[in-house]
Structure formats: structure tokens, C-alpha cells
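> give me coordinates for this.
(chains A and B)
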Amino acid sequence: MKGLAKFFLTDLLTGLATTFKYYFKKPVTYQYPEVRRPIAPRYRGRHRLVTNDDGSLRCVACGLCAAVCPSHCIFIEPGEKPDGTRWPEVYEIEVGRCVYCGFCAEVCPFDAIVLTQEHELAELDKRKLLYDKNALRDKAQGEEKAG
Amino acid sequence: MLISLLIALAKILVVMVLFLVATAWNTLFERRVVAPIQNRVGPNRAGPFGLLQPIADAVKLFFKEDIVTDRAEKFLYYLAPIISVSTALLFVAMVPFGPEVPSFLSTDNPAWSKFSMADLNVAVLFVFAISSIAVYSVLLGGWAGNSKYSLLGGMRAGAQMISYEIAMGLSIMPVIMSASSLSLHEIVVAQHDVWNVFRLPWGPVGFVIFLMAMLAESNRAPFDMVEAEQELVGGYHTEYSSMKFGAFFVAEYGNLITISALIVTFYLGGWQGLPFVDVGIPAWLAPWLGIVWFGIKTILLVAALIWIRWTFPRPRYDQLMGYGWKVFFPIALGNLFVAGVLIYLGQRFGIGYFG
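Here you go, the predicted structure:
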């Protein structure tokens, strides 16, 4: 009986039937640019500098984020406003080197930096991946006037 | 004389161009057929349904850097891809695509009216000879690259192809006995009443063995020991790049079409249509319909071979040789004996079914 089954290649036919079944199944592929997968609620993407109601940056340039960053991609130059409060003169993130660990947001005492869910950051020119503070700030607020 | 030459040239041009185009799109066909098996969509970005993908692939291959390894045996290194493509193309010369047309030119020369580039009376022998030469492309390609992996691939190919040649030859003998001819045209004509695959008991057995042997001959999965990516990097074409690699690729996909065409010719009735569909078709249309039948059968068989490739895992090397010598060879031999007796009896007592 076993030999007969072997002679008629039943095992091979079973295999062929198995693969043939997949023609009637829906492929698991997401056709990316048209169909996007839902993003997890806690997904960590591009950074955003949070602003106050008057449009000024909440950041006080303490430098904790730059210190904790494992890939050293944050660069801050602190400055002082005329009223004596500290603010970042320069705040740059080299997004190309960022590993999106979220430590900067975690460590920030003023919740001045958060990670958004935006993740389609590809550029043809590497230099465009250096974001300054105007690129990082909340777009809706417009540019901050210095001082 | 001149008109003979022109007709021959026209046939060669049409068949070769169509064959090469079919080969290019065969790569896309394989990728699209295999995608659902792996729960994917397949290439569908270049043009509608990805139809421009082969063009993109070809352009990419042409513009890639052509690296020749320093210690390669230059002459053989260049020769191997040439052999592989030319043998793949030579197969096509024999394939009969359709029956004879009642000639629209002249009845002087029967060769003009045939739908094949050449109708040799020893076409079967020619096919075997060419398939043996095709081994050289793999062997030489593997050796000339001067790399361990490609050499191993080439040696495996040599052993494998020589072993399976025997089973292939023996599984085709009943067909030749049944048709009493080595001409592919005659073999197809002899299948007018019954396709060879339906001639019990030798038909199905011979068909399966011939199919397996042909798969092994053309180094396609599950018998792709030659390439065996997991063990041998890329096998015999490891050291090839750019269009020289492309040539091996063209040969592989061309062979996929030609082995399907040959299997159709030998066992699946060639251009013969299904008997109940042939009724009521005007005489002038019938030969052209033969081409359609042949095309449908070949495409279905190509799809089946792709299906087989992506279903089965690759056997171990010793298992592969074991199948060839201990399973296919004796079964083919026994099949030949049974077929011989039945065909003799059939011809003696006039039973057409046995041939």
C-alpha cells in the first residue's frame, strides 16, 4: 500500500495541492504608497519641539537630551533672551543618525521635545537630514521671532 | 532556391524574435505565477501588471559593470554563455508549432509549408545531441571562473545531466516506437487519435519520467543542484556579471519554454486539439488553430513547471543521483519493455490505441 502510494507520487501531489490552495488566498502584501499600515499608537517617529501658547519654544537648552542621546545626534547652543530666560540659540538634530529611541523626550524636564508618528523622512540629499529648530518646531505655529 | 532561402530566413526571424520576447516575459510570468504561492503580489509596478519589468531588468543588466575575474580562463569564460544561449535557441529549431498549411505559396517544396524551422527526420537525435552539448556551458562556465563554488556547481551539473540523460532517452523510446519515426512532425501526427500521455499503461509513466528528467536536464528546481544558492552561492554563474550572467538567465528561461514545448510534442499531442473541439472548423483555419493549441498547452505546462519548482524542496545531492539511477532508470527500462510488447501486439492485431 505504501509502495503503491509512492508509485503514484501521492506525497508530491499533496504538496502541489497545498501550494495551489494559496492561489485562492489573499496576499498579505500592503501595496505601500496606496495602502498604508496603521501606525501603532506609541510609534516613535520624527521629533517635534513643543511651543508655548505665545509661539515661543518651551526648551530651556539644559542639554539633557544631547547628553542622553546614544547616537549623539542632537546639538544645542544655549542662549539668553533679553528677559533673562534661557533658550536654544541653535537646536539641530541629525535625523539620519537618530535611532528613534525616544530618550530625549523621556529625559526632558519640560516636555519640550516629543516624538511624532511621522516616519516618511527619506531624502535624496543627505544634508537635508540635518533639521534645525525651525524645521523641528510645531509647523502650525509659524517661525519664532528671535528675542 | 532563392525563395527557399528567403522563406527559411523569414521563419528563423519570426521564431527567434518571438522566442526571445517570450523568454524575456517568461521571467515576469514566473515571478507573477510564484507570488500567490508565497502569499505575495509579485512585481506590478513597472507598467500595467508589471508588464514592463523585463525591459527594466534587461536595461539594468546591460548597464551593470562587466567584471571578469583575474584568474579566469578567458576563452572558455567567454565561450560558456555563448554555448548556453545558442543551445537554448537550437532546441527551438526542431519544435513543430503547427501542422502543415495547405501551401499558399507553392507545393514544390513541402518544407515551406511546415510550421517549424527545420523538420529533420532525426530530430529526436538532434534534440538529444544539443541537450548534451548544453552540459558544456555549465561545466565550462563553472570551471573557467576559477572559483571553488562555481567549480562545484559545474561538476554537479555534469554528473546530474549525464545521469538523467539515460532516463530521458529511455522514456522517449516508447514514443518513437509508437510513431515509428524520429521526426517530431511524425510523432505529433501519430498522436492524432490518442495523445501519448493517455496511452495506458506506458504513457503516463513515460510522461512523468520524461518530465522529471527534463527538469533535471534543464537544472530547474527541485533539481537545481547546480545553483543551490544555500550551498554554492550562485553555482556555475557565480563569477559572471552583467550580460554574461544575463545570457545564462536567458538560456534558463528559454530552456523552460523549450522543454515545455518538447514535452508537449512528445507526450501531450503537440498541436493536436482536443477532439471534440475540432469538429466544425473550416479546413483553412485548422492549421492556424494548431498553433493556438500548441501555444496554450506550452503555456499551461510552463505554469505547471513553475508551480512544481516553487512547491518542492531540493533533494540532497546523493538522493538526486539515487533517484536517477535507482528509480527513474529501472522504471523507464521496464516501461520500455512493456511498451515494446504492447506496441508490437497493437501493430500485429491492429489496435491503434497502443500505437
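> for B:Leu300, what is the enclosing helix or strand?
helix B:286-309 (DSSP states H and E).
> now that helix: buried residues?
Of the residues in helix B:286-309, those scored as buried under the neighbour-count criterion (16 or more other C-beta atoms under 10 Å in any protein chain shown) are B:286-287, B:289-290, B:293-295, B:297-299, B:301-302, B:305-309. For glycine as for every other residue, the C-beta is placed from the backbone atoms N, C-alpha and C.
> quick one: name the residues of chain B near chain A.
Proximity of chain B to chain A is confined to B:35-41, B:208, B:307-308, B:310-312 under the rule C-beta under 8 Å from any C-beta of the partner chain.
> so which pair among those residues is furthest apart in space?
The most widely separated members of the residues of chain B next to chain A, counting by C-beta to C-beta, are B:Val41 and B:Val208 (32.5 Å).
> who has more neighbours, these two?
Counting neighbours by other C-beta atoms under 10 Å in any protein chain shown for B:Val41 and for B:Val208 shows that B:Val208 has the greater number, 19 against 16.
> just the element for the more buried one, please.
Secondary structure from DSSP H and E places B:Val208 in helix B:202-217.
> quick one: distance of that helix to the chain centre.
Here the centre of helix B:202-217 is set off from its chain's centre by 12 Å, with C-alpha atoms, centre = their mean, to the nearest Å.
> stretch B:153-171 too?
Taking C-alpha atoms, centre = their mean, one finds stretch B:153-171 lying 15 Å from the centre of the chain it belongs to.
> max-length helix in the chain?
Answering for chain A, as no chain was given. The helix of greatest length in chain A, counted in residues with DSSP state H as the criterion, is given as helix A:10-21.
> that was the other one, I meant chain B.
helix B:2-37.
> quick one, that one and helix B:286-309 angle?
Using axes from the mean of the first three to the mean of the last three C-alpha atoms, to 10 degrees, the direction of helix B:2-37 lies 40 degrees away from that of helix B:286-309.
> so for helix B:2-37, what gets flagged as buried?
Going by 16+ other C-beta under 10 Å, helix B:2-37 has these buried residues: B:7, B:11, B:15, B:19-20, B:22-37.
> likewise stretch B:137-146?
In stretch B:137-146, counting by 16+ other C-beta under 10 Å, buried: B:137-145.
> quick one: residues contacting the residue nearest in space to the middle of chain A.
Most central in chain A under C-alpha atoms, centre = their mean is A:Gly45, positioned 1.9 Å from the mean C-alpha point. Residues in contact with A:Gly45, defined by C-beta atoms under 8 Å, 6 or more residues apart in numbering or on different chains, are A:100, A:115-119, A:121.
> could you rerun that using 10 Å?
A:Gly45 makes contacts with A:39, A:100, A:102, A:115-121, as judged by C-beta atoms under 10 Å, 6 or more residues apart in numbering or on different chains.
> helix/strand/coil for it?
coil (DSSP: H, G, I helix; E, B strand; the rest coil).
> could I get the longest strand belonging to chain A in PDB with only the CA atoms?
When every strand of chain A is counted residue by residue (DSSP state E), the longest turns out to be strand A:86-94. Only the C-alpha atoms of strand A:86-94 are listed here, as PDB (Å, rounded to 0.1, in the frame of the first residue of the first chain):
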ATOM      1  CA  ARG A  86      17.400  80.600  28.600                       C
ATOM      2  CA  TRP A  87      16.500  79.400  25.100                       C
ATOM      3  CA  PRO A  88      18.300  77.300  22.400                       C
ATOM      4  CA  GLU A  89      20.200  79.600  20.000                       C
ATOM      5  CA  VAL A  90      20.800  76.600  17.900                       C
ATOM      6  CA  TYR A  91      19.000  73.300  18.200                       C
ATOM      7  CA  GLU A  92      19.900  70.700  15.500                       C
ATOM      8  CA  ILE A  93      19.100  67.100  15.100                       C
ATOM      9  CA  GLU A  94      20.900  64.900  12.500                       C
END
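> what are the ranges of the helices in the stretch 51-200 of chain B?
The residue ranges that make up the helices of the stretch 51-200 of chain B, judged by DSSP state H, counting those that start in this stretch, are B:53-63, B:74-94, B:123-144, B:148-179, B:184-189.
> can you give me the pLDDT of A:Leu4?
Predicted confidence (pLDDT) at A:Leu4: the value is 72.
> my error: substitute B:Thr311 in the last question.
Value for B:Thr311, per-residue pLDDT: 86.
> spatially nearest residue to it (excluding sequence neighbours)?
Take B:Thr311 and drop its neighbours on the chain: the residue closest to it by C-beta to C-beta, 6 or more residues apart in numbering or on different chains is A:Thr19, 4.4 Å away.
> surely the one you found meets B:Val34?
Yes. If you go by C-beta atoms under 10 Å, A:Thr19 and B:Val34 touch, sitting 9.4 Å apart.
> find the residues that touch each one of those two.
Between them, A:Thr19 and B:Val34 share the neighbouring residues B:307, B:310-311, with contact defined by C-beta under 10 Å, 6+ apart.
> now flag whichever of those residues is closest to A:Gly63.
Among these, and counting by C-beta to C-beta, the member closest to A:Gly63 is B:Trp310, at 56.6 Å.
> that closest one contacts B:Gln38, doesn't it?
Yes. Counting by C-beta under 10 Å, B:Trp310 sits close enough to B:Gln38 to count as a contact (7.2 Å).
> buried ones in stretch A:45-58?
When burial is assessed from 16+ other C-beta under 10 Å, stretch A:45-58 yields the following buried residues: A:46-51, A:57.
> among those, which lie within strands?
Among these, the ones falling in strands (DSSP E) are A:47-49.
> where do the strands sit along chain A?
The residue ranges that make up the strands of chain A, judged by DSSP E, are A:47-49, A:74-80, A:86-94, A:113-115, A:130-131.
> which strands or helices does the longest one pack on?
Looking back up the chat, that one is strand A:86-94. Using 3 or more C-beta pairs under 10 Å, 6 or more residues apart in numbering or on different chains; DSSP states H and E as the contact definition, the elements that strand A:86-94 packs against are strand A:47-49, helix A:64-68, strand A:74-80, strand A:130-131, helix A:133-136.
> if we use 6 Å, what do you get?
Under the contact criterion of 3 or more C-beta pairs under 6 Å, 6 or more residues apart in numbering or on different chains; DSSP states H and E, strand A:86-94 touches strand A:74-80, strand A:130-131.
> among B:Trp310 and B:Gln38, which residue is more densely surrounded?
Residue environment comparison for B:Trp310 versus B:Gln38 gives the larger neighbour count to B:Trp310, 18 against 13, counting by other C-beta under 10 Å.
> what residue ranges in chain A score low on pLDDT?
Per-residue confidence of chain A (counting by pLDDT under 70) places the weak regions at A:1, A:138-147.
> which bits of it sit near chain B?
Contact residues (C-beta under 6 Å from any C-beta of the partner chain) of chain A with chain B: A:15-16, A:19, A:22-23, A:27-29.
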